[in-house]
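Q: How does the following fold in three dimensions:
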Amino acid sequence: MNMHNPPHPGSILREDVLPAMELNVTEAAKALHCSRAALSRIINERASISPAMALRIESWLGVEHGGRADIWAGLQLDYDLWRERNKNAA
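A: Okay, here's the model as predicted:
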């Protein structure tokens, strides 16, 4: 069984994307056309990145800057699959 714990994509937004863009959660939520609460749930790993949010990230960041929707959706899928596989491992 693969023991690698993939990061939640929200942690990537929180730790890498927002600081690099010098944005706070409120500013990023406005750019993503979502509520601050919705983005906060994602970056605090309490909510998943939906396909719709992945498309918003793509539109916001642009594909040339790591914003491809399929990559963000894939990160979420990897995280979700890892959690399911390891749910009863402890």
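Q: Which positions in the longest helix along the chain come out as buried?
A: The residue-count maximum for a helix in the chain (DSSP state H) belongs to helix 69-85. For helix 69-85, the neighbour count (16 or more other CB atoms under 10 Å) marks 69, 72-73, 75-76, 78-79, 82 as buried. In short, each C-beta sits where N, CA and C put it, glycine included.
Q: how about these in JSON lines, adding distance to residue 26?
A: Shown next, in JSON lines, are these (distance: CB to CB, whole Å):
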{"residue": "69", "distance to residue 26": "23"}
{"residue": "72", "distance to residue 26": "21"}
{"residue": "73", "distance to residue 26": "25"}
{"residue": "75", "distance to residue 26": "23"}
{"residue": "76", "distance to residue 26": "23"}
{"residue": "78", "distance to residue 26": "29"}
{"residue": "79", "distance to residue 26": "25"}
{"residue": "82", "distance to residue 26": "31"}
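Q: Turn these into CSV, including distance to residue 5 and pLDDT.
A: Output for the buried residues of helix 69-85, formatted as CSV (distance: CB to CB, whole Å; pLDDT from 0 to 100):
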residue, distance to residue 5, pLDDT
69, 23, 98
72, 18, 98
73, 19, 98
75, 13, 98
76, 14, 99
78, 10, 98
79, 9, 98
82, 6, 96
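Q: circling back: what's the longest helix of the chain in contact with?
A: Under the criterion CB atoms under 8 Å, 6 or more residues apart in numbering, residues 1-2, 4-9, 12, 48-49, 51, 53-55, 57-58 lie in contact with helix 69-85.
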